[in-house]
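Chemist: need a structure here:
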Amino acid sequence: MSLALQNQKDSFGANRTITIQGLNKSYGEHSGAAGGHIHYIIKNVDLVIHGGEFFVLLGPSGCGKSTLLNMIAGFISKTDGRLRIGDAEIDKPGRDRAVVFQQADSSLFPWLTVRQNVEFGLKMKKVPKRERRAISDQYIDLVGLTGHDDKLPRALSGGMKQRVQLARVLANDPEILLMDEPFGALDAMTRRTMQKELVRIWSQTKKTVVFVTHDIQEAILLGGRIGIMSQGPSSKISHIYEIPLDYPRDVSAAEFYEYYKQIQAHFDE
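Modeler: I've put the predicted structure just below:
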């Protein structure tokens, strides 16, 4: 591990905690209006995500997982409740948070090479060229794209594009990675490879990761804790599962299957 990565890993042990208390997001008329009715997307969400942990939000499609993630990102405003990082209330996007989306095509600049995409945020921050090069080298290598740095996105596979998106996010050094089903559009083999890569990268950087999925197996493969979101509307965190299995995790292991059965039974109920 490089000295820069080691220093980064040490600093992330003191990541700020994400604290969510009585969080609501609604649309429609407010209850004070005559004849009004409030439609809640999420209601009374309480959750604490500790700095440096890998936390998974798991639930069926349409339950509000992405809404909650975008509220943490600062893209969507809350209706009421508390939503804080450390002691600061979240009311807008910030450099301490970065989002990795499902479709890398929509976030990469097609006219820029892999390296230029990774360095884009650094260039906007006026980081000197030599320093930008060193940082992009580090993260291009970290995501396994060494030798592909001069390629344009159109020359890359879906999995490689997701690696570029992840490298660009990491190069900007956010404290928190917010990942909205980032592997959902990939084929099964590429998805499994990217899951392994993400665990490896997280284990080296120890950034806080909040990962959204509706796939139980993916949740158990990745998460240190899994928060189950109830079916919407008025979704909330109905249960949290601790997953103390060592990484990398084996889907064929008996312990893995036991957690799978337990969580599947939760949804069957």
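
Chemist: correct me, but residue 232 touches residue 61?
Modeler: No. Between residue 232 and residue 61 there is no contact under Cβ atoms under 8 Å: 9.4 Å. C-beta here means a position set from N, CA and C on the backbone, and glycine is covered the same way.

Chemist: and stretch 122-142, how far out from the chain's middle?
Modeler: Taking Cα atoms, centre = their mean, to the nearest Å, one finds stretch 122-142 lying 22 Å from the centre of the chain it belongs to.

Chemist: And for residue 203, the neighbour number?
Modeler: 12 (other Cβ atoms under 10 Å).

Chemist: typed the wrong thing, it's residue 188
Modeler: Applying other Cβ under 10 Å, I find that residue 188 has 8 neighbouring residues.

Chemist: Quick check: the gap between it and residue 200.
Modeler: Per Cβ to Cβ, to the nearest Å, residue 188 is found 19 Å from residue 200.

Chemist: In terms of neighbours, single out the busier of residue 232 and residue 61.
Modeler: residue 232 (19 against 10).

Chemist: quick one, what contacts that one?
Modeler: 41-42, 62-64 (Cβ atoms under 8 Å, 6 or more residues apart in numbering).

Chemist: which ones among those residues are found in strands?
Modeler: 41-42 (DSSP state E).

Chemist: Please pick the buried ones from the contacts of residue 232.
Modeler: Among the contacts of residue 232, the ones that count as buried by 16 or more other Cβ atoms under 10 Å are 41-42, 63-64.

Chemist: what's the span of stretch 209-229 from first residue to last?
Modeler: 17 Å (Cα to Cα, to the nearest Å).

Chemist: Do me a favour and average the pLDDT over that stretch.
Modeler: Across stretch 209-229, pLDDT averages out at 96.
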